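K.L.:
Test case, fold it:
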Amino acid sequence: MCTYNGGKYIQEQLDSIANQSRRPDELIICDDGSTDKTLSIVEKFSGSSLFPVKVFINRTNIGSTKNFEQAIALCNGDIISLSDQDDVWHKDKLKLIEEAFNSSMRTGAVFSNGNIVDEDLAPLGYTLWDKFSFGKRRRVEFAKGKAFQVLLKHNVVTGATMAFRSVFREKILPISPLWIHDSWIAFLISIISDIKFIDKELIDYRQHKDQQIGGIKNSIKEQIAISTSVKDYNFQIKQYEQIIEYISNNNFISGNHVVSKISDKIMHLNNRQDIYRCNGAKKIIKSIRELVCARYHRYSNGYNSFIKDIYMTNV
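P.N.:
Residues are numbered from 1 along each chain as shown. Purely as a prediction, here's the structure:
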């Protein structure tokens, strides 16, 4: 667990971890320089816990990604389960995760769904999988061992629901500053192992004004604004160029199949950026070419992305 000024909600999360039907073997907490009551709550909890709780305090604020990297490096168990400071775990979360790993040694990571709730834990009427478009078709792909192909479109794994085998730690650390930690971990593990999902809501994923990354569902107006924005194309290209360099330097794969797929994704992003800059017939022709070669379906949202590109205006 990584903490930073989480005193308002952390007690509920700690209690939910303590009340697991399968208790954790240890709890590693890395605090990023909290100035509220977080540390006093954590220290009191560690003194009464029935399992070891080890607390590490950063001398300077290093940010959530580097803090998770540090916490992961300090874990001693065979399975590492990530935790936010402001959620609430359902009672059988760790039990079901352990069962999922035990069912197959080929499984490198496991994640679940979660209820999205407000700051008072009242349900907002949708789940994490609703928010991140992890519908039936993509779940079928995952079940067939195609997690890499799904994640190459976009991340569907929420770190607060994820656990992974510690044997993969040397493959995922250090975490790139260009990536969010859960996206980085899930994507890299999908290259070298199976990822299994648990089709249940195993956490209450709390939404509040102070959190860094949330699960608030965008309004139609916001979805349109996002879909017609290409300001992140260059950033995404840098992300995937960096991950090619990383997996090439860390002996991830034999052969170039994965690198070829990621390179094709980069080409798709470059082409969509080019389409955005075009007008009239040239825009339509370039979009149709990208559709015919099936990159819209492999790396974006198929016809929806094609139609968006046709109607996007360079302003």
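
K.L.:
secondary structure element for the spatially most central residue of the chain?
P.N.:
What sits nearest the mean C-alpha location of the chain, by Cα atoms, centre = their mean, is D182, with 3.4 Å. In the assignment (DSSP states H and E), D182 maps to helix 181-192.

K.L.:
Likewise for V259?
P.N.:
helix 257-277.

K.L.:
Dump the host helix or strand of D130 to PDB, keeping only the CA atoms.
P.N.:
Using DSSP H and E, D130 sits in helix 128-131. In PDB, the C-alpha atoms belonging to helix 128-131 read as follows (Å, rounded to 0.1, in the frame of the first residue of the first chain):
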ATOM      1  CA  LEU A 128     -14.600  -0.300 -13.100                       C
ATOM      2  CA  TRP A 129     -15.200  -2.500 -16.100                       C
ATOM      3  CA  ASP A 130     -18.000  -0.300 -17.300                       C
ATOM      4  CA  LYS A 131     -15.700   2.700 -17.000                       C
END
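
K.L.:
Residue ranges in this structure under the pLDDT threshold?
P.N.:
Applying pLDDT under 70 to the chain picks out residues 211-231, 254-255, 313-315.

K.L.:
quick one: the helices in the stretch 1-150 of the chain?
P.N.:
10-18, 38-48, 64-74, 93-102, 128-131, 136-143, 147-153 (DSSP state H, counting those that start in this stretch).

K.L.:
by contact count, what packs against the third one?
P.N.:
Secondary-structure packing of helix 64-74 (3 or more Cβ pairs under 8 Å, 6 or more residues apart in numbering; DSSP states H and E): strand 2-3, strand 27-31, strand 53-57, helix 169-172, helix 181-192. For every residue, glycine as well, the C-beta is placed using N, CA and C.

K.L.:
Off-centre distance for the helix or strand that the last one is followed by?
P.N.:
Later in the chain than helix 181-192, the nearest helix or strand by DSSP H and E is strand 194-206. Its chain's C-alpha centre lies 12 Å from the corresponding centre of strand 194-206 when counted by Cα atoms, centre = their mean, to the nearest Å.

K.L.:
which parts of strand 194-206 are buried?
P.N.:
By neighbour count with 16 or more other Cβ atoms under 10 Å, strand 194-206 contains the buried residues 194-198, 201-206.

K.L.:
May I see the domains of the protein written out as residue ranges?
P.N.:
Domains of the chain are assigned by automatic domain parsing as 2-206, 220-311.

K.L.:
Most tightly packed of those?
P.N.:
Among the domains of the chain, the stretch with the highest mean neighbour count (mean count of other Cβ atoms under 10 Å) is domain 2-206, at a mean of 18.

K.L.:
Report the separation between the two terminal residues of it.
P.N.:
15 Å (Cα to Cα, to the nearest Å).

K.L.:
How far does that domain sit from its chain's centre?
P.N.:
The chain centre lies 9 Å from the centre of domain 2-206; the measure is Cα atoms, centre = their mean.

K.L.:
Could you do stretch 242-260 as well?
P.N.:
Mean-position distance between stretch 242-260 and its chain equals 20 Å (Cα atoms, centre = their mean).

K.L.:
ditto for stretch 303-315
P.N.:
The answer for stretch 303-315 is 27 Å, by Cα atoms, centre = their mean.

K.L.:
Kindly report the same for stretch 1-12.
P.N.:
20 Å.

K.L.:
With stretch 293-308 instead?
P.N.:
Taking Cα atoms, centre = their mean, one finds stretch 293-308 lying 22 Å from the centre of the chain it belongs to.

K.L.:
So which residues make contact with it?
P.N.:
149, 152-153, 227-228, 264-265, 267-269, 271-272, 287, 290-291 (Cβ atoms under 8 Å, 6 or more residues apart in numbering).

K.L.:
Ok, stretch 176-190 next?
P.N.:
With Cβ under 8 Å, 6+ apart, stretch 176-190 has contacts from 64-66, 68-69, 82, 108-109, 111, 147-148, 151-152, 155, 157-160, 162, 164, 168, 171-172, 175, 195, 213, 235, 238-239, 242-243, 246-247, 252.

K.L.:
repeat that for 6 Å
P.N.:
65, 68, 108-109, 147-148, 151, 155, 157, 159, 164, 168, 171-172, 175, 239, 242 (Cβ atoms under 6 Å, 6 or more residues apart in numbering).

K.L.:
do the same with stretch 119-139
P.N.:
Residues contacting stretch 119-139 (Cβ under 6 Å, 6+ apart): 113-117, 150, 156, 158, 201, 204-205, 208, 215, 217.

K.L.:
Could you list which of those residues belong to strands?
P.N.:
Using DSSP state E, 113-117, 201, 204-205 are the members of the contacts of stretch 119-139 that sit in strands.

K.L.:
nearest to Y4, of those?
P.N.:
Of all those, Y4 sits closest to Y205, with 17.6 Å by Cβ to Cβ.
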